[in-house]
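**Student:** Take a look and give me a structure for this.
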Amino acid sequence: MKAILALPSGGFGVTDTPPPALGPGDILLEMRASGLCGTDLAKLSQPRGPATVRLGHEFAGVVRAVGPGVTRFVPGDRVTAAHHVPCGSCWACRHGSESMCPQFKATNVDPCGFAELIRIPRLHVEHVAFRLPAAMTCEEASFTEPLACAVRGVERSRVLPGDRIAVVGAGGMGLLIAQVLLARGTDPIVLDIAETRLALARELGVPTVANPAAGIRKTLEDLTDGAGVDGVVLTVVNAGLLQEAQRAIRAGGRINVFADVADEPRLALDFSDLYHRELTVVSTYSSTPATLAQAFELLAERRVRVAPLISHRLPLDAFDEGVRLQREGLATKVVYHP
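**Tutor:** Next up, the predicted model:
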């Protein structure tokens, strides 16, 4: 079967590899759709040996076979699953930081999400796998994991109905976050310098979008009659954006850092302002079993639309082309098919 794996010569590419063997509680999924994530691009850029890296975690497909003891699914079921499972009982899990659980990254699918056949291990089958309803496509279901990250980001931002929340960056994740905010009854303001992305945000139902050419602070002050926004979610992070976000939120507001830093990782904050105005800075990394379930429900109920986000559909053989399109900002979302 085909899979995107580490190459002996370096880097990643299409490899012919044997199908994974099933153990008790496992299922074998025939991949039908698998999305390219910004995390995949970051992994491809890491200097460490690629043999330690597994790519692809936004997938859905059809069950081809089940291992001994599996009762939840049968061959022919259409299923999506997440790639990591927390233990649910350690300090991190009990304090709402499941993605920091020591078990979290120790679990994964086999050999990766960019493969014609994917083994879903027992823990995943039991805790983070979902059977698709008839009306949901595999492409739509492949958004369950990234949408769950968006749901968790909104939860960690502690938004309330009626809040005005700025989403900086109208890429795939920013537009998922904006739709989750809409579903929660909040008022998102999507900011991006690309007019095509702002147009897509409008198409998805976001009522307020803006190009912050005059600066994020000035733009948001104008849109809120000088009051400032109640919170900011940064899907793009650098020193300038962080400083602008801090100046743009009202007293008691919250900044959610929802992405890795694009330049120098040590950025400055005005801690005097942070103290005197009781601002909060949080971050959001990955999803949880609970937010996966919420995301799947949002997709099943059509409360979040994801099909318009797919800009490119490519075969696994064109993996490098999809990576290029995403890196160059020419794609909103690349989805691979076998």
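
**Student:** hey, let's count contacts and neighbours off CA atoms from now on
**Tutor:** Fine.

**Student:** Next secondary structure after the one helix or strand in the chain whose mean pLDDT sits lowest?
**Tutor:** Across the helices and strands of the chain, mean pLDDT, DSSP states H and E gives its lowest value to helix 38-44, namely a mean of 91. Downstream of helix 38-44, the next assigned helix or strand under DSSP states H and E is strand 58-66.

**Student:** What distance do you get for Gly329 to Val167?
**Tutor:** From Gly329 over to Val167 the distance is 18 Å, taken as Cα to Cα, to the nearest Å.

**Student:** and what of Ala183?
**Tutor:** Distance from Ala183 to Val167, by Cα to Cα: 15 Å.

**Student:** Now do the contacts for the spatially most central residue of the chain.
**Tutor:** In the chain, the centroid-proximal residue (Cα atoms, centre = their mean) is Pro146; its distance is 2.7 Å. By Cα atoms under 8 Å, 6 or more residues apart in numbering, the contact set of Pro146 is Glu58, Met173, Ser287.

**Student:** Quick one: those as CSV, columns for neighbour count, pLDDT and distance to Ala268 too.
**Tutor:** Formatted as CSV, the contacts of Pro146 follow (neighbours: other Cα atoms under 10 Å; pLDDT from 0 to 100; distance: Cα to Cα, whole Å):
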residue, neighbour count, pLDDT, distance to Ala268
Glu58, 25, 98, 34
Met173, 23, 98, 25
Ser287, 26, 97, 27
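
**Student:** Let me know the closest of those residues to Ala134.
**Tutor:** Closest approach to Ala134 among the contacts of Pro146 (Cα to Cα): Glu58, at 19.4 Å.

**Student:** Looks like the closest one contacts Gly113 (just checking).
**Tutor:** Yes. Counting by Cα atoms under 8 Å, Gly113 is a contact partner of Glu58 at 6.9 Å.

**Student:** Common neighbours of the two, please.
**Tutor:** In contact with both Glu58 and Gly113: Ser34, using Cα under 8 Å, 6+ apart.

**Student:** dump the residue contacts of the residue of the chain most remote from its centre.
**Tutor:** Ranking residues of the chain by C-alpha distance from their mean position (Cα atoms, centre = their mean) puts His276 at the top, at 33.4 Å. Neighbour list for His276: empty [criterion: Cα under 8 Å, 6+ apart].

**Student:** List phi and psi for it.
**Tutor:** phi -70, psi -30 (degrees, to the nearest 10).

**Student:** May I have the predicted confidence score for it?
**Tutor:** Here the pLDDT value assigned to His276 is 98.

**Student:** Please apply the same query to Gln46.
**Tutor:** At Gln46, pLDDT is 73.

**Student:** Nothing else from me, thank you.
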